[in-house]
Structures are given as C-alpha cells and as structure tokens.
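S.K.: Show me how the following folds:
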Amino acid sequence: MTTSAPVPLSGHERFHTTEVEVARAQVGRAFRPHDLRVVGRTARLDARLHGVTFGDTGLYYLDYGADVMITPGPLEDFYLVQMPLAGAAEITCGSEHIVSTPSLASVPAPTECLAMRWHEGNPQLILWIKRSALEDHLGKLLGRQPKMPLRFDLGMDLTTPGARSWLGIIDMMRRDTDNVGGMLGQPLVVKQLEYLLSTQLLLTQPHNYSSALHGEQPRVAPPAVRRAMELIECHAAEPLTVEDVAEAVGVSVRALQEGFRRHLGTTPVSYLREVRLDRVRADLKAADPGMVTVTDVAFRWGFFHPGRFAIAYKERFGEHPSQTLRG
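M.R.: Here you go, the predicted structure:
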C-alpha cells in the first residue's frame, strides 16, 4: 500500500474549490487581481491555496488541478519565485518566455506584463517578497539605493549549488510553519531568515545589478562619475545631453556610459530621468493642488509627453502623479 506525500503547508489552507470565480477571487486576494481561464471545454478545476506570511515575505502552495491561463499583468508591488513541484508551466514576462519545471523556477519582473499557462499536474511552491523590502535590501548590499527597478532573469536554475542552498532555507521555513511555537513565531528569527533568504536570492539569481554586486570595483564611484552625477543633479531642469555631461567632466561619451553602467547599474540618461522624477515628486508634495497642475510641474522638469511621464512616474513611485499632488 502506498501513501501520497503530504501537501506543503497543509496546516494553512486558504481555500479549496472547483469554482473558477472563487479561485480567481481568493488567489487575487492573496496576490493581485487577475484573469483566470480553464483551458479545454471538459476540464474541471480543482484549485487549492495554502499560505503563510511573515514580515515582508510569504510562502504559498498553489495548485489549480487543471490546465489554466493566468494573466495578472505587471505584479508591481512584489516579487514572486514560482517553483513547480511537478509538471510544467509556460511563463511569459515582457519579452522573455520560459517553460518552468521542477528544475527551473520563474522570477517575473514586477514592472513587466506577466501571462502564464499552468498545465494540469503543475502544483507550485511560491515565495512572495515585498518589492520595496527586497530593493531596500539590495541597496544595503550595494551601499547605495538602486536607481532602476531590480529585474531578475526570468528563469532560475534550481540545480546550481547556490540555488540548492537557497532552497534549503525555503524548505526549513516550509517545515517550520507547521511547528507550533517554532522559529517563525519569533520576530527576531523571522527577520534574520528574511535577511538570509533575500541575500542568497540576490547573490544566486542573475539580475541587472549582479555585476555591481559581484564585481570588485569600489562601491564609491570614481571621480568622473561622481562629478557627472553632481552636474546632473544641479542642472536637472536644463536640457542636458550625454555629450554635454561627458564634455563637462572631461571624458568620452562611451567612457561616461560605461562608468555609469559599471558603478551605478544605469545610464546617464536614465539617471537624469530618475533625478527629474524625484524633483517632480518633491514639488508635487509641496504644491497646492488648487494653484498648480501635474502638467506644470512635469514641464518644469523636462517631461513634455504627459502619457509617458505618467507611466514612468507610476513605475517609479507606485502611484499616479495626481495622487501625490492631492496628498
């Protein structure tokens, strides 16, 4: 006689249903609103979600029991590491596409559109991490706050030594969730585990700050880059070009771009845009909504295309500029 393996996080069931609308609403409550569609006319949903949250992270078990299409769009406020326990899922995020299996997890970028097809027999263990917490943690490791959103490679190879060590932390947390009075009931231990989990993820899974994180270059940028940063910050309201900045600090355009990429993980143009967005936000917070408009402030700082400006602002700060203006 054989017995099936216990379902992960079995003591923390959120729901179990055969109704698509119930599954959509309950998963949306745990993560974000999305569209859910069962593939195949005769297919029958058998969905269940188990989950536990602690601090700025959460661990979930999700199984739809059927072939489904899931389209949440950009995740925006959080990162997910989705680890199939069996079967396969097709994951598309922005321009990247992978087939995720028990040896290849997915780590969608929160700023890109996400669409997924989970095939039948594809239960997944999912780590949820608050975006602001992970990006703040990255800033502490770098010695500076990242100017661009943190973006991991979509596919995470779970067979590498670093990934196996990281999975060991996940497994320890998963087993401890059902241990009444265990480690995860102690806030200090949770904080230390979150630190370890985030650090290992940032060191293991490639992302747009990996070279800065692993490189041997000093954390303090060289003089030319520092002068360029100061110039941009002092003259952000002026029509600066990369050529202007390179000439002012006495380096070539190519050298300036390489310096920004190596030491800041961005480009001079992107850095200028981020500085201008910060200035817009400061002005909107200080402004009287009855006296100024968002367009006035955006134009003052060089944003002449309202639609693109609004998208960039929302991506940077998580709210619309009009919301900031209204306080």
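S.K.: List the buried residues of stretch 33-43.
M.R.: Buried residues in stretch 33-43, defined by neighbour count with 16 or more other Cβ atoms under 10 Å: His34, Leu36, Val38. Just so you know, the C-beta spots here come from the backbone N, C-alpha and C atoms, and that holds for glycine as well.
S.K.: Can you report how many residues lie near the closest residue to the second one other than its chain neighbours?
M.R.: It stands for Leu36. Here the nearest residue to Leu36 in space, its sequence neighbours aside, is Arg24; by Cβ to Cβ, 6 or more residues apart in numbering that works out to 4.2 Å. By other Cβ atoms under 10 Å, the residues close to Arg24 number 19.
S.K.: avg pLDDT for the one helix or strand Arg24 maps to?
M.R.: In this structure, Arg24 sits in helix 20-30 according to DSSP states H and E. The average of the pLDDT scores along helix 20-30 is 96.
S.K.: now for it, which elements pack on it?
M.R.: Helices and strands touching helix 20-30, as assessed by 3 or more Cβ pairs under 8 Å, 6 or more residues apart in numbering; DSSP states H and E, comprise strand 13-17, strand 35-38, strand 47-54, strand 57-63.
S.K.: Most tightly packed of those?
M.R.: Mean neighbour counts were compared across the helices and strands packed on helix 20-30 using mean count of other Cβ atoms under 10 Å; the top stretch is strand 57-63, at a mean of 21.
S.K.: Could you list the paired strands of that strand along with their orientation?
M.R.: Neighbouring strands of strand 57-63 in its sheet, by DSSP bridges, are strand 47-54 (antiparallel), strand 124-130 (antiparallel).
S.K.: Disregarding flanking residues, what is the spatial nearest neighbour of Ser198?
M.R.: Using Cβ to Cβ, 6+ apart and skipping residues adjacent in sequence, the residue nearest Ser198 is His137, 4.6 Å away.
S.K.: Flag every buried residue along stretch 191-206.
M.R.: Those buried within stretch 191-206 under the rule 16+ other Cβ under 10 Å are Leu193, Glu194, Leu197, Ser198, Thr199, Gln200, Leu201, Leu202, Thr204, Gln205.
S.K.: and the third one, what does it touch?
M.R.: Listed by Cβ atoms under 8 Å, 6 or more residues apart in numbering, the contact set of Leu197 reads Thr57, Leu127, Ile129, Trp166, Ile169, Ile170, Met173.
S.K.: Look up the closest residue to the second one, ignoring the ones flanking it.
M.R.: I take that to be Leu127. Sequence neighbours aside, Val81 is the residue nearest to Leu127 in space, at 4.3 Å (criterion: Cβ to Cβ, 6+ apart).
S.K.: In this structure the one you found contacts Leu104, no?
M.R.: No - with the criterion set as Cβ atoms under 8 Å, Val81 and Leu104 do not qualify as a contacting pair; they are 11.5 Å apart.
S.K.: Please tell me how far the closest residue to Arg48 other than its chain neighbours sits from Val27.
M.R.: With Cβ to Cβ, 6+ apart as the criterion, Arg48 has its nearest non-adjacent residue at 4.3 Å, and that residue is His16. Per Cβ to Cβ, to the nearest Å, His16 is found 12 Å from Val27.
S.K.: Likewise for Leu114?
M.R.: Relative to Val27, and taking Cβ to Cβ, Leu114 is found at 13 Å.
S.K.: next one: Met229
M.R.: Taking Cβ to Cβ, one finds Met229 at 43 Å from Val27.
S.K.: Which one's more surrounded, the two?
M.R.: Neighbour count, other Cβ under 10 Å: between Met229 and Val27, Val27 has more, with 23 against 20.
S.K.: what residues do Val81 and Leu104 have in common as contacts?
M.R.: Met156.
S.K.: Please report the distance of the residue nearest to Leu36 from Gly87.
M.R.: Distance from Arg24 to Gly87, counting by Cβ to Cβ: 21 Å.
S.K.: do Leu256 as well
M.R.: According to Cβ to Cβ, Leu256 stands 48 Å off from Gly87.
S.K.: Give the residue from these two that has the larger number of neighbours.
M.R.: Of the pair Leu256 and Gly87, Leu256 is the one with more neighbours under other Cβ under 10 Å, namely 23 against 17.
S.K.: Now do the helix or strand containing that one: which elements does it pack against?
M.R.: With the criterion set as DSSP H and E, the secondary-structure element containing Leu256 is helix 253-264. Using 3+ Cβ pairs under 8 Å, 6+ apart as the contact definition, the elements that helix 253-264 packs against are helix 210-214, helix 223-234, helix 242-249, helix 268-286.
S.K.: Switch the helices and strands packed on helix 20-30 over to CSV; also include mean pLDDT and distance to Asp296.
M.R.: Below are the helices and strands packed on helix 20-30 laid out as CSV (pLDDT from 0 to 100; distance: least, Cβ to Cβ, whole Å):
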stretch, mean pLDDT, distance to Asp296
strand 13-17, 95, 47
strand 35-38, 96, 38
strand 47-54, 93, 42
strand 57-63, 96, 41
